[in-house]
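K.L.:
I would like to see how this sequence folds:
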Amino acid sequence: MTMTRETYRVSVSREGKWWIVDIPGVDYRTQARSLTEVDEMARDLVAGATGADEDSFDLDVDVQPPAAVVDQLGEAVELETSAQQVKAQAAQIRREAVRRLRADYGLSAADIARSLGLSRGRVYQLLEDHQQAA
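P.N.:
Okay, the predicted model is just below:
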């Protein structure tokens, strides 16, 4: 029969120059200067609070970046999403412009390529993309 190892949840957050290491399972906190110290500090705290050997339990560490940084990263994700949408719109307009040069002005792929500074292969891709999207 295999015994299940106890797992202690460790919540790590930044306060000033310290990482605060909170372990609700033993109702204690400690601090660390760097994230590399967190596991050691948490193990020491749990072992001291429970009398268990430091190697007899597992840690489930959850590191929370500072809220201001989380907000910044959220803003970055929003900007990346907007940029992807704008890029997709630009690609659609580019396909439509190439199609217009072909359909409305009767230009050959070579003439479209030269007038837009594209390769003929790229012009054919854009024309094909438009036909597949239709």
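K.L.:
quick one: pLDDT of the residue nearest the centre of the chain?
P.N.:
Centroid check for the chain by C-alpha atoms, centre = their mean gives Val77 as the closest residue, at 7.8 Å. Val77 is assigned a predicted lDDT (pLDDT) of 97.
K.L.:
and what of the one 10 residues further on?
P.N.:
At Lys87 the predicted local distance difference test score is 96.
K.L.:
assumed Leu118 was part of a strand.
P.N.:
No. Going by DSSP: H, G, I helix; E, B strand; the rest coil, the assignment for Leu118 is coil, not a strand.
K.L.:
ok, the residue nearest to it when sequence neighbours are not counted - contacts?
P.N.:
Nearest in space to Leu118, with sequence neighbours left out and distances taken as C-beta to C-beta, 6 or more residues apart in numbering, is Ile112 at 7.3 Å. From N, CA and C alone the C-beta is placed, and that goes for glycine too. Contact analysis of Ile112 by C-beta atoms under 8 Å, 6 or more residues apart in numbering lists 98, 101-102, 118, 123.
K.L.:
can you pick out the most distant pair from these?
P.N.:
Greatest spatial distance in the contacts of Ile112: Arg102 and Leu118, 12.8 Å, computed using C-beta to C-beta.
K.L.:
and Val21, bridged to which residues?
P.N.:
Assessed by DSSP bridges, Val21 has beta-bridge partners Val12, Thr30.
K.L.:
which ones are touching Ala109?
P.N.:
By C-beta under 8 Å, 6+ apart, the residues touching Ala109 are 102, 120, 123-124, 127.
K.L.:
buried subset of those residues as a PyMOL selection?
P.N.:
In PyMOL syntax, the buried subset of these is picked out as below (16 or more other C-beta atoms under 10 Å):
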select buried, resi 102+123+127
